[in-house]
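K.L.:
No sequence on hand, only this structure:
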């Protein structure tokens with residue numbers, strides 16, 4: 001076992017003494033040492049219920065014959081950090097999490113890992129570490145939050161907070177109604193209720209085979225989630241004994257299965273960044289165009305909030321991820337999973353699918369999957385749009401550029417006085433918000449939600465080298481590559497320029513001649529970095545483009 005390097009032999013007396021000091025019984029020195037990386041924190045609703053799950057994972061590890069050690073991993077709540085300086089830290093924290101899990105696992109020679117996670121950057125960061133370390137691993141995601149209730153209607157985070165702000169600014173709801181929204185939108189523990197980034201990543205973790213069946217959708221604080229946590233603890237010891245490792249599971253087939261599930265669900269566009277980054281760590285070639293290739297043959301079958309009116313709890317009771325995979329089984333590749341079952345066997349066990357929540361191919365919401373990759377002179381190496389969230393009217397749109405060099409400036413215009421406000425026919429451009437330029441590629445839920453809340457979703461498009469929340473809907477194009485800070489064409493756009501979007505043709509074009517762009521480029525100079533000290537300054541110097549997953553250079 002890996003742990004023998006710290007617990008066997010006469011020259012390991014000091015190490016054993018320290019392990020005994022932690023309370024390890026002598027009888028357990030022969031057991032596999034299992035690290036439980038827990039991202040528990042009081043700061044994130046999706047993580048406040050993890051103390052309970054830690055206990056059940058520990059019970060499972062003991063039952064399986066291993067010895068568990070808990071260690072902490074930090075977490076950032078995107079919703080709380082959004083709209084201010086804090087959002088710069090969200091995506092970079094993914095790299096820190098991967099590095100921390102790697103550091104503790106290698107330093108303490110752990111035999112296996114259970115990764116207890118839930119929210120946006122924490123789950124992909126842990127999966128990156130699992131692929132990098134290639135130590136037997138099971139991932140436990142803590143589960144989605146249940147919906148709230150207000151006057152008989154279900155409430156949720158995005159529609160009843162961010163979009164409610166837009167409705168309030170338009171006088172469509174009262175201050176009292178707004179306050180009731182914020183008190184009731186998030187009723188307790190769990191990741192936010194819709195198919196935002198956290199829940200999409202939980203679903204894809206299960207689809208890749210790194211979580212037990214049902215884990216991706218089982219609601220937080222339920223007995224089912226406890227049982228999954230317990231079973232995961234038992235299972236990790238078996239994986240250690242059989243030497244089944246993440247790279248046995250995270251094959252190209254696994255990633256393509258995850259992409260297809262993502263497309264069928266209409267998941268968050270952030271998953272493009274994260275799957276590319278995890279594949280990079282796994283040594284799997286996953287080009288950005290994979291998403292577009294598979295989108296052509298994978299229908300959009302489930303319409304969850306923020307696009308539709310169903311929630312994660314509905315997806316779970318409808319059959320969960322195995323049911324989604326069953327619907328698209330013709331494209332799903334067989335692969336091993338941490339459960340010991342192959343994917344096809346899991347699909348065969350599906351005995352119920354709610355046709356309203358997870359539609360058949362014939363009744364699909366859209367013939368194509370939820371994500372499309374756009375290209376053109378603005379984004380020669382790619383841009384991402386969640387086409388499942390775009391109305392039929394806006395699938396093709398031509399507008400005049402309204403250019404802003406930061407999210408903050410754009411928000412002031414969107415929420416500003418009538419004569420300055422973003423208006424119908426505008427193509428809003430927010431730049432210098434990419435991985436380098438941000439730095440950290442901030443999510444822009446606030447601008448998109450404000451546009452939707454003001455009723456402009458069918459008349460205004462938004463384009464950025466930053467990214468969007470999984471809660472974003474509407475004609476919002478992100479991940480424009482190359483980004484402005486690297487001298488991409490997005491840096492050369494001027495107010496009044498015409499921009500053409502055609503999602504079906506995967507086209508994103510700035511209607512400016514090559515000669516004119518050459519003149520503009522000759523005058524362009526990169527602006528000074530927004531942040532010049534600390535971790536973010538170092539991050540900006542080594543981070544790569546969004547079209548490669550915004551990973552760090554070696």
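P.N.:
In hand now; what should we look at? Everything numeric here is computed off the predicted structure, so don't read it as measured data.
K.L.:
Which positions within stretch 530-539 qualify as buried?
P.N.:
530, 535-536, 539 (16 or more other CB atoms under 10 Å). The way it works is simple: take the backbone N, C-alpha and C, and place the C-beta from them, glycine included.
K.L.:
what would those residues look like in JSON lines with secondary structure?
P.N.:
Output for those, formatted as JSON lines (DSSP: H, G, I helix; E, B strand; the rest coil):
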{"residue": "530", "secondary structure": "coil"}
{"residue": "535", "secondary structure": "helix"}
{"residue": "536", "secondary structure": "helix"}
{"residue": "539", "secondary structure": "helix"}
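K.L.:
which two from those end up farthest apart in space?
P.N.:
Across the buried residues of stretch 530-539, the longest distance by CB to CB is 13.9 Å; it joins 530 and 535.
K.L.:
list the contacts for residue 269?
P.N.:
Contacts were defined as CB atoms under 8 Å, 6 or more residues apart in numbering; by that measure residue 269 touches 371, 384-386, 467-468, 470, 472, 478-479.
K.L.:
CSV for the residues you listed, including distance to residue 491 and pLDDT?
P.N.:
Converted to CSV, these look like this (distance: CB to CB, whole Å; pLDDT from 0 to 100):
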residue, distance to residue 491, pLDDT
371, 25, 94
384, 19, 96
385, 20, 94
386, 24, 93
467, 17, 93
468, 20, 86
470, 27, 74
472, 23, 75
478, 16, 95
479, 15, 96
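K.L.:
Buried only: go through these for me.
P.N.:
Here, 16+ other CB under 10 Å leaves 371, 384-386, 467-468, 470, 472, 478-479 buried among those.
K.L.:
Let me know the closest of those to residue 186.
P.N.:
Among the buried ones among the contacts of residue 269, and counting by CB to CB, the member closest to residue 186 is residue 470, at 15.2 Å.
K.L.:
so that closest one touches residue 202, yeah?
P.N.:
No: using CB atoms under 8 Å, residue 470 makes no contact with residue 202, being 11.2 Å away.
K.L.:
so what secondary structure elements neighbour the one helix or strand residue 479 maps to?
P.N.:
Using DSSP states H and E, residue 479 sits in strand 476-481. On a contact count with 3 or more CB pairs under 8 Å, 6 or more residues apart in numbering; DSSP states H and E, strand 476-481 meets strand 382-386, strand 461-464.
K.L.:
Those into JSON lines, with extra columns for distance to residue 262?
P.N.:
Below are the helices and strands packed on strand 476-481 laid out as JSON lines (distance: least, CB to CB, whole Å):
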{"stretch": "strand 382-386", "distance to residue 262": "10"}
{"stretch": "strand 461-464", "distance to residue 262": "21"}
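K.L.:
Would you mind saying which of these lies nearest residue 230?
P.N.:
strand 382-386 (35.6 Å).
K.L.:
Contacts for the closest one, please.
P.N.:
So strand 382-386 is contacted by 266, 268-269, 272, 288-289, 291, 307, 370-375, 463, 468, 472-473, 475-481, 503, 508, 546-547 (CB under 8 Å, 6+ apart).
K.L.:
let's see 7 Å
P.N.:
Applying CB atoms under 7 Å, 6 or more residues apart in numbering, the contact partners of strand 382-386 are 266, 269, 272, 288, 370-375, 472, 476-481, 503, 508, 547.
K.L.:
can you give me the helices for the stretch 151-300 of the chain?
P.N.:
163-169, 175-184, 197-208, 223-242, 246-249, 252-265, 270-282, 289-295 (DSSP state H, counting those that start in this stretch).
K.L.:
Mind telling me which of the ones you listed the model trusts least?
P.N.:
Note on the helices of the stretch 151-300 of the chain: lowest mean pLDDT is at helix 163-169, with a mean of 79.
K.L.:
Can you list the buried residues in that one?
P.N.:
Neighbour-count burial for helix 163-169 [16+ other CB under 10 Å]: 163-168.
K.L.:
how close does the nearest residue to residue 144 once chain neighbours are set aside sit to residue 80?
P.N.:
With CB to CB, 6 or more residues apart in numbering as the criterion, residue 144 has its nearest non-adjacent residue at 3.7 Å, and that residue is residue 312. Per CB to CB, to the nearest Å, residue 312 is found 20 Å from residue 80.
K.L.:
Tell me which of those two has more neighbours.
P.N.:
residue 312 (33 against 13; other CB atoms under 10 Å).
K.L.:
residues in contact with the more buried one?
P.N.:
144, 193-195, 199, 217, 304.
K.L.:
And the furthest pair within the residues you listed?
P.N.:
194 and 217 (12.4 Å).
K.L.:
give the contact list for the residue nearest the centre of the chain.
P.N.:
Nearest residue to the geometric centre of the chain (CA atoms, centre = their mean): residue 197, 3.5 Å. Taking CB under 7 Å, 6+ apart, we find residue 197 in contact with 120, 268, 270-271, 469-470.
K.L.:
How about residue 407?
P.N.:
Counting by CB under 7 Å, 6+ apart, residue 407 has contacts 430, 433, 442, 444, 447, 466.
K.L.:
Residue 404 is in contact with the first one, correct?
P.N.:
It stands for residue 430. Yes: if you go by CB atoms under 7 Å, residue 430 and residue 404 touch, sitting 5.2 Å apart.
K.L.:
Can you pick out the residue with more neighbours from these two?
P.N.:
Neighbour tally, residue 430 and residue 404, criterion other CB under 10 Å: the higher count belongs to residue 430, 27 against 22.
K.L.:
bridging residues for the more buried one?
P.N.:
On the basis of DSSP bridges, residue 430 is bridged to residue 404, residue 464.
K.L.:
can you tell me how far it sits from residue 476?
P.N.:
In terms of CB to CB, residue 430 sits 10 Å off from residue 476.
K.L.:
Same question for residue 531.
P.N.:
25 Å.
K.L.:
Can you tell me how far residue 105 is from residue 16?
P.N.:
Distance from residue 105 to residue 16, by CB to CB: 19 Å.
K.L.:
Among these two, which residue is more densely surrounded?
P.N.:
Higher neighbour count among residue 105 and residue 16: residue 105, with 23 against 16, using other CB under 10 Å.
K.L.:
did I read that right, residue 149 in a helix?
P.N.:
No: Residue 149: not assigned to a helix; according to three-state DSSP it is strand.
K.L.:
Do you know the pLDDT at it?
P.N.:
At residue 149, pLDDT is 86.
K.L.:
Contacts only, for it.
P.N.:
155, 184.
K.L.:
Do a quick rundown of the strands in the stretch 451-554 of the chain.
P.N.:
Counting by DSSP state E, counting those that start in this stretch, the stretch 451-554 of the chain has strands at residues 461-464, 476-481, 498-502, 507-510.
K.L.:
ok, so what distance separates the closest residue to residue 360 other than its chain neighbours from residue 298?
P.N.:
Ranked by CB to CB, 6+ apart and with sequence neighbours excluded, the top spatial neighbour of residue 360 is residue 327, at 6.7 Å. Per CB to CB, residue 327 is found 10 Å from residue 298.
K.L.:
Quickly list what's touching both of these two.
P.N.:
By CB under 7 Å, 6+ apart, the residues touching both residue 327 and residue 298 are residue 264.
K.L.:
re the thing from before, any idea which of the buried ones among the contacts of residue 269 is closest to residue 1?
P.N.:
residue 470 (39.1 Å).
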